[in-house]
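*Asks:* task: produce atomic coordinates for the following.
(one chain, ligands or ions: 1)
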Amino acid sequence: MNEFEIIKQYFTTDSGRKDVIMGPGDDCALLQMQPNTLLAVSTDTLVAGVHFFADMDPVALGHRALAVNLSDLAAMGADPCWVSLALTLPEVNEAWLRGFCEGFFELAEYYNVALVGGDMTRGPLSITVTVHGSLPRDRGLRRNGAKAGDGIYVTGTLGDAALGLQQQLGKVTVDEQHCEFVRTKFEHPHPRILAGQALRNIASSALDLSDGLLGDLGHITAASSLRAQLELEHLPLSQAMIDTVGLEQGWQLALTGGDDYELCFTVPEMHRGQLETALAHCGVKFTRIGRMVAGEPGVELLAEGKPYKLTARSWDHFRSGE
Ligand SMILES: [Mg+2]
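*Replies:* Residues are numbered from 1 along each chain as shown. This is a model prediction of the structure:
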């Protein structure tokens, strides 16, 4: 099969979106923007051996490639609209392509995202996805809007994807009852689109957690010129995490493990009631984990009110596979 046959066979679908004036097949896609909206655009590249195991299940990989991009739209509070996909494949493997498309289009259909174009080349396996979303003007959830006194919140539980990775690497043994949960958290991230939209009028800043809470929250403190105080005992940990590594190592994974794709956001005290209602409506659990204070940008860790220092000890545990 050549490039055009593959595109025709696997990547030509009708999303039914009326704002796609011209989809794949011409030199460019032509897309209709609504008046008074902003276009939110984000790109991510996943490279085999760097971002995923080369033998990863193609269905999960198709899902993941789109999910991590949609997560960036969620972090801005944007409505997903369109996506383009650039695939570099070492060979044409139809079973792999079928699986990839199954995972990719299942998620695309769920959020009503139209594939509007892309590219295909031969080479080491790599996937580049660009998503486009729309936002009411002046409503984007940026990183620089936090104010001193705002509460810091996260959706879901933290560190589970990192735990799933440690399990796949054979560095921790997860009890059988939790295996499916941590594997799914790692392989099948769920972008928090509805939560992001619900936070549009409520949160003062937001981002998605891709590299670990400590570093990612650091971006909000830097952009907002404030300091974050985190209360570690409030970090939301799953039962799988607590049963597998215990509380303190759970904190470490929650703080430094990546790939959670949960949202981290700040909310002024006066919007607290609105926040409860809005996220209850979309069925998303969230937890207050600290607050923004005046001071040097950075993240301060407190355990029972006292300063807490991250040690390398638990990381050594994972590194040496003890
Ligand atoms: Mg992001």
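*Asks:* tell me the residues of this protein that contact the ion?
*Replies:* If contact is defined as CB under 5 Å from the ion, the residues of the chain in contact with the ion are D72, D208. Heads up, the C-betas are built off the backbone N, CA and C, glycines and all.
*Asks:* where along the chain do the helices fall?
*Replies:* Per DSSP state H, the chain has helices spanning 3-10, 58-76, 94-110, 160-168, 176-187, 193-199, 213-224, 239-256, 272-281, 313-320. These are given in chain order.
*Asks:* nearest to G305, out of these?
*Replies:* Of all those, the one in closest proximity to G305, counting by CB to CB, is helix 239-256 (15.3 Å).
*Asks:* quick revisit: in TSV, list the helices of the chain along with mean pLDDT.
*Replies:* Supplementary listing: the helices of the chain in TSV, determined by pLDDT from 0 to 100:
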stretch	mean pLDDT
helix 3-10	84
helix 58-76	96
helix 94-110	96
helix 160-168	92
helix 176-187	92
helix 193-199	97
helix 213-224	95
helix 239-256	94
helix 272-281	95
helix 313-320	46
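*Asks:* would you list these in a markdown table and tack on mean neighbour count and distance to L263?
*Replies:* A markdown table is the format used below for the helices of the chain (neighbours: other CB atoms under 10 Å; distance: least, CB to CB, whole Å):
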| stretch | mean neighbour count | distance to L263 |
| --- | --- | --- |
| helix 3-10 | 14 | 32 |
| helix 58-76 | 25 | 6 |
| helix 94-110 | 18 | 18 |
| helix 160-168 | 24 | 14 |
| helix 176-187 | 18 | 15 |
| helix 193-199 | 24 | 6 |
| helix 213-224 | 20 | 10 |
| helix 239-256 | 20 | 14 |
| helix 272-281 | 14 | 10 |
| helix 313-320 | 13 | 25 |
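*Asks:* which among those helices is found nearest to V20?
*Replies:* Closest among the helices of the chain, once you apply CB to CB, is helix 94-110, at 12.6 Å.
*Asks:* and the angle from the closest one to helix 58-76?
*Replies:* Using axes from the mean of the first three to the mean of the last three CA atoms, to 10 degrees, one finds that helix 94-110 and helix 58-76 are set 30 degrees apart in direction.
*Asks:* can you dump the C-alpha atoms of helix 94-110 in PDB for me?
*Replies:* Coordinates of the C-alpha atoms in helix 94-110 are reproduced here as PDB (Å, rounded to 0.1, in the frame of the first residue of the first chain):
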ATOM      1  CA  GLU A  94      -2.000  -3.200   8.500                       C
ATOM      2  CA  ALA A  95      -2.900  -5.000  11.800                       C
ATOM      3  CA  TRP A  96      -0.900  -2.200  13.600                       C
ATOM      4  CA  LEU A  97      -2.700   0.500  11.600                       C
ATOM      5  CA  ARG A  98      -6.100  -0.900  12.300                       C
ATOM      6  CA  GLY A  99      -5.400  -1.000  16.000                       C
ATOM      7  CA  PHE A 100      -3.900   2.500  16.100                       C
ATOM      8  CA  CYS A 101      -6.900   3.900  14.200                       C
ATOM      9  CA  GLU A 102      -9.300   2.000  16.600                       C
ATOM     10  CA  GLY A 103      -7.800   3.700  19.600                       C
ATOM     11  CA  PHE A 104      -7.400   7.100  17.900                       C
ATOM     12  CA  PHE A 105     -10.800   7.400  16.400                       C
ATOM     13  CA  GLU A 106     -12.700   6.000  19.400                       C
ATOM     14  CA  LEU A 107     -11.400   9.000  21.400                       C
ATOM     15  CA  ALA A 108     -11.800  11.400  18.500                       C
ATOM     16  CA  GLU A 109     -15.500  10.500  18.100                       C
ATOM     17  CA  TYR A 110     -16.100  10.700  21.900                       C
END
